[in-house]
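Student: I would like to see how this sequence folds:
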Amino acid sequence: MKSYLFFFFRLIVAVLLLQTLFFKFTAAPESVYIFESLGMEPYGRIGSGIAELIAAVLILLPRTIWLGALLSLGIIAGAIFFHLTTLGIEIMEDGGTLFFLAVLVFIFSGMILWNQRRSIPLLNKLL
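Tutor: Numbers count the residues shown, from 1 in each chain. Here you go, the predicted structure:
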């Protein structure tokens, strides 16, 4: 049961990370607005899209689940930070959807990373 649950978490995180790529790589108005507000358009939009793609792939591969979860946590922590400091919870009248999805990805990524802590090479040696 537990392994199915964490596979589900991995799948949800990967799907959420991957679904944003279309918007980032096609310069959708919401994505452009977000990164212009942060003064990071277009490089931040494209760079974060590439990082999210890498995280999604790593989280789906059995040997690199921990690395994908760690990368995802870092990326999403940045997104949550900017929501709370610069962008606000609601972006272009989305009702806070982007923020709440970011929080969901953060929580699931943290749970995945905790579950995979024994797979982390440096921690494995210390434990």
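Student: okay, CA-based contacts and neighbour counts for the rest of this
Tutor: Will do.
Student: so what's Ser48 up against?
Tutor: Counting by C-alpha atoms under 8 Å, 6 or more residues apart in numbering, Ser48 touches Ile75.
Student: report pLDDT for it.
Tutor: Per-residue pLDDT puts Ser48 at 97.
Student: roughly how far does Leu21 sit from His83?
Tutor: 19 Å (C-alpha to C-alpha, to the nearest Å).
Student: same deal with Gly39?
Tutor: In terms of C-alpha to C-alpha, Gly39 sits 14 Å off from His83.
Student: more neighbours: these two, which one.
Tutor: Higher neighbour count among Gly39 and His83: His83, with 19 against 11, using other C-alpha atoms under 10 Å.
Student: pull up the gap between the closest residue to that one other than its chain neighbours and Phe22, please.
Tutor: Excluding the flanking residues, the one nearest His83 by C-alpha to C-alpha, 6 or more residues apart in numbering is Ile89, at 5.6 Å. Using C-alpha to C-alpha, Ile89 is found at 22 Å from Phe22.
Student: higher neighbour count, those two?
Tutor: Ile89 (19 against 12).
Student: so that one, which state does it fall into?
Tutor: Here Ile89 is recorded as coil under DSSP: H, G, I helix; E, B strand; the rest coil.
Student: any idea how far Ser72 is from it?
Tutor: Distance from Ile89 to Ser72, by C-alpha to C-alpha: 20 Å.
Student: so how far is the helix or strand where Phe8 lies off the chain centroid?
Tutor: Per DSSP states H and E, Phe8 falls inside helix 2-25. On the basis of C-alpha atoms, centre = their mean, to the nearest Å, helix 2-25 sits 9 Å off its chain's mean C-alpha point.
Student: taking helix 2-25 as reference, get the angle to the next helix or strand after it.
Tutor: Moving toward the C-terminus from helix 2-25, the next helix or strand (DSSP H and E) is helix 29-37. Relative orientation of helix 29-37 versus helix 2-25 (axes from the mean of the first three to the mean of the last three C-alpha atoms, to 10 degrees): 80 degrees.
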